[in-house]
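# Mind looking at a prediction? Sequence and model below.
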Amino acid sequence: MSSRRSGGSRMSDDQIADLVSKLQRLIPELRGRRSNKASASKVLQETCNYIRNLHREVEDLSDRLSQLLASADTDTDQAAILTTLLI
Amino acid sequence: MNPSSLKSRFTTRFLRALTKINAHKPISSSSPGPGEIFQRYRRIKVAADKSMAYSVRSRRTWSRATLWRLRTRSPRSRLATHARRSWVKTRSTRAASHGKEKKEDGGTVEAEELRELVPGGEAMDLCNLLDETAHYIKCLTTQLDILDRQECTSREL
């Protein structure tokens, strides 16, 4: 793997290209592209958008969970057990 | 990263935190006020982030940065925030010069944006930033998965 410690090491373009394509595979927006891989700046752009969306979804779910917990009388232990079983 | 064990570590911590949060419900509440719900929302969000960062432990820069940020949230630790800011400044100037060397094609502009989104990103060089981002995204999606399941389960009850 790439050496993380050496701050002074020169990053090869291949290394960066590898990492960029790895990122591209993670992003749903870009994953479907059968054609040439997207440019690095496009990948970074879409990554930023994707992360913002994920953050928003987490906030949204946390919000919905807080509403649910507020209205529920049953303790979360039951929910906890069920959720663990689902994994 | 072993996804199944990360998932189970995160789930265990998160559910434990949720139980604690739920235990703080005031007994007399017939219908909780919006302030209370907001507080609970904050606690749940923090619990989700904390659980994820703890599950990854200090193996990743972003998880270390998250844990630091969560620990130094309180006003008591203003000193720690100052210390952290100067540390970040030194490292980011170093990192920025590395980044500019390599990418002339505008990659740095988007990289700067990404640095703001990934915890601890401001102090990473481009290579590390890309690597950390990939891991961060995987963890975020795991987090979302569990939150989603928890919501579904809570609805059923």
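Done, it's in. Numbering: from 1, shown residues only, chains lettered A, B, ... in the order given.
# Do a quick rundown of the helices in chain A.
A:13-26, A:28-31, A:40-71, A:76-86 (DSSP state H).
# Can you check which of those helices gets nearest to B:E116?
helix A:40-71 (8.6 Å; CB to CB). C-beta here means a position set from N, CA and C on the backbone, and glycine is covered the same way.
# before we move on, back to that, winner for burial among the helices of chain A?
helix A:40-71 (a mean of 18; mean count of other CB atoms under 10 Å in any protein chain shown).
# Any part of it near chain B?
Yes. Using CB under 8 Å from any CB of the partner chain, helix A:40-71 reaches chain B at A:40-41, A:44-45, A:47-48, A:50-52, A:54-55, A:57-59, A:61-70.
# From chain A, how far off is B:L144?
B:L144 is 6 Å from chain A, where distance means CB to the nearest CB, to the nearest Å.
# in which helix or strand would I find that residue?
helix B:126-156 (DSSP states H and E).
# For that helix, give the mean pLDDT please.
What helix B:126-156 shows for mean pLDDT is 91.
# Output the below-cut-off pLDDT ranges for chain A.
Applying pLDDT under 70 to chain A flags residues A:1-11, A:33-37, A:72-87.
# on that earlier part again, could the helices of chain A be laid out in JSON lines, adding distance to B:G121?
As requested, the helices of chain A are exported to JSON lines (distance: least, CB to CB, whole Å):
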{"stretch": "helix A:13-26", "distance to B:G121": "14"}
{"stretch": "helix A:28-31", "distance to B:G121": "20"}
{"stretch": "helix A:40-71", "distance to B:G121": "10"}
{"stretch": "helix A:76-86", "distance to B:G121": "31"}
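# Indicate which one of those is closest to B:P119.
Ranking those by proximity to B:P119 (CB to CB) places helix A:40-71 first, at 10.7 Å.
# Packing partners of that closest one?
helix A:13-26, helix A:28-31, helix B:3-23, helix B:34-56, helix B:107-117, helix B:126-156 (3 or more CB pairs under 8 Å, 6 or more residues apart in numbering or on different chains; DSSP states H and E).
# again, only this time at 6 Å
helix A:13-26, helix B:34-56, helix B:107-117, helix B:126-156 (3 or more CB pairs under 6 Å, 6 or more residues apart in numbering or on different chains; DSSP states H and E).
# Would you mind getting the angle between it and helix B:34-56?
Inter-element angle recorded for helix A:40-71 and helix B:34-56: 130 degrees (by axes from the mean of the first three to the mean of the last three CA atoms, to 10 degrees).
# angle of helix A:40-71 against helix B:126-156?
30 degrees.
# Output the lowest mean pLDDT helix or strand found in chain B.
Lowest mean confidence among the helices and strands of chain B (mean pLDDT, DSSP states H and E): helix B:78-102, at a mean of 58.
# now stretch B:133-145, how far from the chain's geometric center?
Centroid separation for stretch B:133-145 versus its chain: 10 Å, with CA atoms, centre = their mean, to the nearest Å.
# Could I get the buried residue list for stretch B:6-25?
Within stretch B:6-25, the residues scored as buried using 16 or more other CB atoms under 10 Å in any protein chain shown are B:6-7, B:9-11, B:13-15, B:17-18, B:21-22, B:25.
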